[in-house]
Structure formats: structure tokens, C-alpha cells
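Asker: the following block contains a protein sequence and its predicted model.
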Amino acid sequence: MSRDGKPMIFDSLRRKYVSLTPEEWVRQHFIHYLTEHLGYPSSMLANEVELSIGSKRLRCDSVLYGHGAEPRMIIEYKAPTVALTQKVFDQISTYNMLLHVDYLVVSNGLSHYCCKMDYENQKYLFLESIPKYENIKQS
């Protein structure tokens, strides 16, 4: 499908067609990977979650929620041509100051990083892979 000559893709979480940008390509494939291969329920995921700090508005690319509607994971996407630098981690850390989640994930479709937060010891642990949903739903 296209709109005004621009390719569109159906976002199953937002239930609408959106512009197919390089970042959106990464998001749609990553959401598919989470739901189809790692067992994440699509009903617990949301795309383009808006946050506010004072008058400033921020937008998380994707958020995984727990059964009590508490945020559990923030996922930040970049286009495949964008390197996953400290700046990307700073961006997702800003979101986490508001949401205080258990996991932070960044992906550019080629590289993926997942951190498990340890608030008690004020540190985080990089995981070797994105955990399956069954391994995080109770943690």
C-alpha cells in the first residue's frame, strides 16, 4: 500500500497503516520477532507511547507492559544505518527515568542490546540475548 506515493506498512499494535521509514521497518520486524519467536503477547505491547516531562513531550518507540499495566520494557529503534552509540542509550535512559522498567532494549535491525536493570545496586547488566517472555513475565 502507498499513500501520496510513499510506501506504507500495517502496524498491528496501532492497528493502522504508517509510513514505511527505515526505523519503522526495524520496529515492525522486531515486534514480529518478539511476538512470533519469543512469545511476547501483542496485547501487552504498545508502539509510540507518549511521555511528558513538564512541557516537554517524549515518545517511546515501544513499551512492554505487565499484567498490572505497569511498564516492564522500553524498546528504542534506529534505522539500520544508525550506529547504536552512547547517545541512543542516553535517550532510552531518559525515558526510563519516568517509567522505571526492568529491561531496556535498543535495536537498529542489525544489532540488538538488552539490559536488565538492577535498581538496588544502581547498575545494569547487558544480557547476551533478548529474553523470552516466559523468562521475564514473573521477574
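Answerer: Yep, that arrived. Numbering: from 1, shown residues only.

Asker: tell me how far the closest residue to Lys116 other than its chain neighbours lies from Leu20.
Answerer: Computed as Cβ to Cβ, 6 or more residues apart in numbering, the closest residue to Lys116 that is not its neighbour in sequence is Leu125, at 4.9 Å. Heads up, the C-betas are built off the backbone N, CA and C, glycines and all. Applying Cβ to Cβ, to the nearest Å, the value for Leu125 to Leu20 is 34 Å.

Asker: more neighbours: the two, which one.
Answerer: Neighbours were counted for Leu125 and for Leu20 using other Cβ atoms under 10 Å; Leu20 has more, 16 against 10.

Asker: who are the contact partners of His37?
Answerer: By Cβ atoms under 8 Å, 6 or more residues apart in numbering, the contact set of His37 is empty.

Asker: Lys116 reaches Val105, doesn't it?
Answerer: No. Between Lys116 and Val105 there is no contact under Cβ atoms under 8 Å: 10.3 Å.

Asker: how about the secondary structure of Thr94?
Answerer: Three-state call for Thr94 (DSSP: H, G, I helix; E, B strand; the rest coil): helix.

Asker: can you check Leu98 too?
Answerer: With three-state DSSP as the basis, Leu98 sits in helix.

Asker: what's the helix or strand for the nearest residue to it once chain neighbours are set aside?
Answerer: Leaving aside its sequence neighbours, Leu98 sits nearest to Leu51 (Cβ to Cβ, 6+ apart; 5.2 Å). For Leu51, the element it lies in under DSSP states H and E is strand 45-53.
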